[in-house]
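Chemist: output the structure for:
(one chain, ligands or ions: 2)
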Amino acid sequence: IQAAAVRIVEVGPRDGLQNIRDQIPTSTKLELIQRLEECGLRTIELTSIVSPRAVPQLSDCRDVLGNDRVQKSIKNTDLRLPVLVPNIKGLNIAIQHGVREIAVFISATEGFSKANINCSVEEGIERAKEVTSLALKSNIVVRGYVSCIFKDPYDGPTSPESVLRCVKSLLDAGCYEVSLGDTLGVGSPSNVRSLLTYLTQNGIPLANLAGHFHDTYGQAAANVCEAYRAGIRVFDSSVGGLGGCPFAPGAKGNVASESLVSMFHDAGIETGVDLPKLMQTGEWILKQLNKPTSGRIGMVASVN
Ligand code: HMG
Ligand code: MG
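Modeler: Ligands and ions are numbered 1, 2, ... in the order given. Predicted coordinates for the structure are as follows:
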């Protein structure tokens, strides 16, 4: 790995919490956001504004976004605090709360698209375009996600052509960056390499891509490393390795932010994140959620 800065997109308050069944107090979510900011994370996905029936855990999104301290952070131009939004209804709520960045999301595959956002891939693209266009008119910047880049829980393997079509549509619509989601966490470094080669050979700039790897089979950190080698410089991760989607059964959490930051720092690549503080935050949130701390999440003991 060569030295160069990377940007970490902390998705813990959204992806990390969305699939947890027991309702987490809003105050815990607010404290998590504050702690993550204090760790030096500069991009934090705050919550999602989606159907409360689809994701009951984040149905307090208005309380999170309306909180005085969060409102102050939203206005702080040193921070990027995207909110996940599926449709115009979500966008309008984001606008009402002064949100400056949203994330739209589509799937490269039909089965997950239907289960997750109740429409076809084509309809998903059209919806995302409409939301992006309206958001840009309101001076809101838009990030995009494409899910199931390698495999769909219902349809099986994903064709690279459908990933390309989705990525291109979101960039053409005006998303400044598209995060490639291995929703099921089934990819390996060689899959990452071939997909990125295919996308770049077909005109997608690496500078407009990010990696979003779930860790179902323990390959997520290796996938980040391979994507970094291929030229990606933005990675999504979740404190404590939390994460998962209610519509992707069996998938595990995101790559842990602690593991990512530790891996990069050990290689001399700056992230701007205070690792000991981040580790404390990971331990704290896992304790709040009555989840065991995993021995795999931590600091690389440098052998240099
Ligand atoms: P639908 O049923 O087709 O839409 O759902 P609808 O317009 O008929 O709305 C259904 C109900 O939801 C209505 O309420 C709406 O008002 C309400 P009711 O009248 O029945 O009481 N509603 C909303 N409420 C709040 N905010 C909104 C909103 N929109 C509608 N924005 C819909 C379609 C897209 C709304 C639904 O399927 C949905 O919310 N899906 C989101 C599911 C989700 O959040 N999944 C997890 C995030 S994606 C992910 O995790 C992958 C990612 O991490 C990357 C990766 O890992 O690959 C990003
Ligand atoms: Mg995800």
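Chemist: residues contacting the closest residue to H214 other than its chain neighbours?
Modeler: Nearest residue to H214, sequence neighbours excluded (C-beta to C-beta, 6 or more residues apart in numbering): G185, at 3.3 Å. Backbone N, C-alpha and C define where each C-beta goes, glycine included. Residues near G185 by C-beta atoms under 8 Å, 6 or more residues apart in numbering: 213-217, 219-220, 251-252.
Chemist: now swap in L136 and tell me
Modeler: Applying C-beta under 8 Å, 6+ apart, the residues contacting L136 are 142, 174.
Chemist: just give the nearest non-adjacent residue to L170, would you?
Modeler: Closest to L170 by C-beta to C-beta, 6+ apart is G144, at 3.5 Å.
Chemist: and for A128?
Modeler: Here the residue nearest A128, using C-beta to C-beta, 6+ apart, is V104, at 4.2 Å.
Chemist: confirm that that neighbour sits in a helix.
Modeler: No: V104 sits outside any helix when classified using DSSP: H, G, I helix; E, B strand; the rest coil, being strand.
Chemist: if we can go back for a sec, so which of the contacts of G185 are in helices?
Modeler: A220 (DSSP state H).
Chemist: list the buried ones in the helix ranked longest in the chain?
Modeler: For the chain, the helix with the greatest residue count under DSSP H is helix 121-137. For helix 121-137, the buried set under the neighbour-count rule, 16 or more other C-beta atoms under 10 Å, comprises 121, 124-125, 127-129, 131-132, 135.
Chemist: what parts of the protein come near ligand 1?
Modeler: Neighbours of ligand 1 within the chain, by C-beta under 6 Å from any ligand atom: 15, 18, 48-55, 84, 86-87, 89-90, 105, 116-118, 145, 147, 181, 183, 212, 214, 245, 247.
Chemist: so the spatially closest residue to C175 that is not a sequence neighbour versus K137, what's the distance?
Modeler: Spatial nearest neighbour of C175, chain neighbours left out: G144 (3.7 Å); criterion: C-beta to C-beta, 6+ apart. Applying C-beta to C-beta, to the nearest Å, the value for G144 to K137 is 17 Å.
Chemist: same check on T183?
Modeler: 30 Å.
Chemist: just the strands in the stretch 51-200 of the chain please.
Modeler: 83-84, 101-107, 141-147, 151-152, 156-157, 177-182 (DSSP state E, counting those that start in this stretch).
Chemist: in a markdown table, list those strands along with mean pLDDT and mean neighbour count.
Modeler: Output for the strands of the stretch 51-200 of the chain, formatted as a markdown table (pLDDT from 0 to 100; neighbours: other C-beta atoms under 10 Å):
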| stretch | mean pLDDT | mean neighbour count |
| --- | --- | --- |
| strand 83-84 | 98 | 26 |
| strand 101-107 | 98 | 26 |
| strand 141-147 | 98 | 25 |
| strand 151-152 | 98 | 22 |
| strand 156-157 | 98 | 10 |
| strand 177-182 | 98 | 26 |
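Chemist: may I see these arranged in JSON lines, with distance to T271 as well?
Modeler: Shown next, in JSON lines, are the strands of the stretch 51-200 of the chain (distance: least, C-beta to C-beta, whole Å):
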{"stretch": "strand 83-84", "distance to T271": "23"}
{"stretch": "strand 101-107", "distance to T271": "20"}
{"stretch": "strand 141-147", "distance to T271": "19"}
{"stretch": "strand 151-152", "distance to T271": "29"}
{"stretch": "strand 156-157", "distance to T271": "33"}
{"stretch": "strand 177-182", "distance to T271": "17"}
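Chemist: let's see which of the contacts of G185 end up in strands.
Modeler: Among the contacts of G185, the ones falling in strands (DSSP state E) are F213.
Chemist: give the bridge partners for whichever residue of the chain sits closest to ligand 1, please.
Modeler: With C-beta to the nearest ligand atom, the shortest gap between the chain and ligand 1 falls at G181, namely 2.3 Å. For G181, the beta-bridge partners are H212 (DSSP bridges).
Chemist: surely it and L209 touch.
Modeler: No: using C-beta atoms under 8 Å, G181 makes no contact with L209, being 11.4 Å away.
Chemist: show me the contacts for the residue nearest to L170.
Modeler: Per C-beta under 8 Å, 6+ apart, neighbours of G144: 103-106, 128, 132, 167, 170-171, 173, 175, 177-179.
Chemist: bridging residues for it?
Modeler: Under DSSP bridges, the residues paired with G144 across the bridge are V104, V178.
Chemist: separation between it and N202?
Modeler: 17 Å.
Chemist: again, but for I95
Modeler: Taking C-beta to C-beta, one finds I95 at 34 Å from N202.
Chemist: neighbour count: these two, which is higher?
Modeler: I95 (16 against 13; other C-beta atoms under 10 Å).
Chemist: contacts only, for the more buried one.
Modeler: Counting by C-beta under 8 Å, 6+ apart, I95 has contacts 138, 140.
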